[in-house]
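Student: any chance you could fold what I've pasted below:
(2 chains)
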Amino acid sequence: MARLTLWRWGVLGLAGLYFLVPLAASVVFTVDVPGQGVTFDAYTQIFSTDGFTSSLLLSLELAAATIAVVLLLMVPAMVALRLGAPRLRPVVEVVCSLPLVVPPIAFVAGIGTVLKWGPEHLSRTPLFQTFVAIQNPDFPFVLVLAYVVMALPFVYRALDAGLRAVDVRTLVEAARSCGAGWPQALVQAVLPNLRGALLNASFLTLALVLGEFTVAQLLGFQPFAVWIVNVSGSQAQLSVAVSVLSLLVTWVLLLALAGAGGRTRTASRG
Amino acid sequence: MTATAVRVDSAPAAAVKRRRRSLGWLAVVPLLAFTALAFGLPALAMLDGAFTAKDPATGATSYTTGNLTASLQGAYLTALLGSVKLSAVSAALGVLLGLPLAQAVVTSRFRALREAVLTASGVLANFGGVPLAFAFVATLGNAGVLTRHLGLADQGWDLYSFWGLVIVYLYFLIPLMVLTITPALEGLRTQWREAAQNNGATPVQYWRHVALPVLLPSLLGGLVLLFGSAFAAYATAAAMVGSSIPLVTLQIADAISGNVLVGQENVALALSLDMVLVAGLVMAVYLPLQRRSARWLA
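Tutor: Prediction:
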């Protein structure tokens, strides 16, 4: 048994080394500038650097919109699958897994092609205005569309795990026989029981949108992750500082969620 | 008598069922319509573009397999093979290193440690990307902390090389492996180990004849999943190496943004199609394996 414990600590120690050294080294990199000694400029500069606030705000707005759209689409559908349309279940499962088969870079190549149809074929039709509107650089709604698609597999798994623990049918029937209408039964009986799963799905989507780089960069918008890369050329220390902070913040957020709901793991399982 | 009673009871029940079914359809249709628009349309556009060629002189378009052929030749083929090689090596290493770590975490008695490791795995496996690249540039890059203090540059170390990328990729592949294999390891019953021990098996024999065969589908599934994840990775490589290493994702990005040659957009779409085919193959192998491993873990 002692040998086994030793082996376990050896593995955990090596893993800890591999995973913590880059983080620690990054922190050292940001505060120990060659020729300047120890300085915290990289951290104090973050807020005053051009583009930080606007790109972070843009990312947060995109995340809020994505979470709202994906939950509005998925929650009724997933509840309905449990209640009255079990035959649609495989269809929804496949639809929500399809984004896994199309890598983000291939997806954005497709989106770029569709967006080019706007000026090429549709410039005389009212649809053209829509194409322009969803590419407004202040709030590119086309990114929300892409992110909702990319979040579908995560949200599906999170909601599926949550619904598995709840007997939706009994809940709804109980609420209905107490005189509640369909919307009331859904909002007041089912949703409170899904709080953990909803939170989980929201946080996973938030983390996805905050870290997303591929689609935004290739469509030419500048949310948070793209800004970090753009600023790295001139201010290496700053970009590393922001990177480490964003990783840690995401981790702490998800850890807090795991503590609160205890469901993060089931949702993340591949 | 009984028959009529049943019929009287079932009539309203059937009506309720029908209403429920129509409500169910009503709730699922927006989701399907949305995915058809936001996912189906770009996918079809990609497929169409991959087989379309545009004559630069006349502007006329015609269907051709030329793009696909071009995407499997020269620099593009090198990039495709480079991606496959990088993904295969890192996926294999990820499985070999992730399994002992997952086993150590699963058998640990500290709940807090398990939660912290598994949550961190979730973050690193899915949302690393750009921050990850910069953490490694700061650590092992040309001016990185370890490179400077340990004098690695003199020993020929270069982060922006094949093995440099493997080390960075493992940073999100090992966590992905831990997440994938943990349920399978949790499904290994203590009774199996005890039964093997009672029959006089050594730990090695237990792993060789009991645990590994049960884990095999999950391990292979993990391998395929890791391969797919490494194959599709773009942000890490783009933020780190630019295009100094031939990778298919970097080639697509270059072709889309017209960095190298103008008019390569359709080849980019053909390359994307190649990627989708590989990813589809990955899923086609992964899903049956996952179903098979679920049989033991029920």
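
Student: only C-alpha atoms for contact and neighbour calcs from this point on.
Tutor: Fine.

Student: so which bits of stretch B:95-111 are buried?
Tutor: B:Val95, B:Leu97, B:Gly98, B:Leu99, B:Pro100, B:Leu101, B:Ala102, B:Gln103, B:Ala104, B:Val105, B:Val106, B:Ser108 (16 or more other C-alpha atoms under 10 Å in any protein chain shown).

Student: out of the residues you listed, who's nearest chain A?
Tutor: B:Ala104 (5.1 Å; C-alpha to the nearest C-alpha).

Student: and the pLDDT at the closest one?
Tutor: The model reports B:Ala104 with a pLDDT of 88.

Student: likewise the one 3 residues further on?
Tutor: Among the per-residue scores, B:Thr107 holds a pLDDT of 82.

Student: give me the subset of the buried residues of stretch B:95-111 touching chain A.
Tutor: For chain A, the contacts drawn from these by C-alpha under 8 Å from any C-alpha of the partner chain are B:Pro100, B:Leu101, B:Ala104, B:Val105.

Student: out of those, list just those in helices.
Tutor: B:Pro100, B:Leu101, B:Ala104, B:Val105 (DSSP state H).

Student: most widely separated two among the residues you listed?
Tutor: Farthest pair in those (C-alpha to C-alpha) is B:Pro100 and B:Val105. Separation: 8.5 Å.

Student: before we move on, back to that, would you format the ones in helices among the ones next to chain A among the buried residues of stretch B:95-111 as TSV with distance to A:Thr66 included?
Tutor: Listed next are those as TSV, based on distance: C-alpha to C-alpha, whole Å:
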residue	distance to A:Thr66
B:Pro100	37
B:Leu101	34
B:Ala104	37
B:Val105	34
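
Student: pull the contacting residues for the residue in the stretch 151-270 of chain A that chain B sits nearest to.
Tutor: Closest approach between the stretch 151-270 of chain A and chain B, counting by C-alpha to the nearest C-alpha: A:Ser243, at 4.2 Å. A:Ser243 sits next to A:Ile228, B:Val130, B:Pro131, B:Leu132, B:Phe134, B:Ala135 when contact means C-alpha atoms under 8 Å, 6 or more residues apart in numbering or on different chains.

Student: backbone torsions only: list them for it.
Tutor: phi -60, psi -50 (degrees, to the nearest 10).

Student: mind checking the longest helix of chain A?
Tutor: helix A:52-83.

Student: so which elements touch that helix?
Tutor: helix A:141-164, helix A:168-177, helix A:195-211, helix A:224-232, helix B:2-35 (3 or more C-alpha pairs under 8 Å, 6 or more residues apart in numbering or on different chains; DSSP states H and E).

Student: mind doing that once more with 7 Å?
Tutor: Judged by 3 or more C-alpha pairs under 7 Å, 6 or more residues apart in numbering or on different chains; DSSP states H and E, helix A:52-83 is in contact with helix A:141-164, helix A:195-211, helix A:224-232, helix B:2-35.

Student: so can I have a markdown table of those showing distance to A:Gln188 and mean pLDDT?
Tutor: What follows is the helices and strands packed on helix A:52-83, written out as a markdown table (distance: least, C-alpha to C-alpha, whole Å; pLDDT from 0 to 100):
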| stretch | distance to A:Gln188 | mean pLDDT |
| --- | --- | --- |
| helix A:141-164 | 15 | 90 |
| helix A:195-211 | 11 | 86 |
| helix A:224-232 | 36 | 86 |
| helix B:2-35 | 18 | 67 |
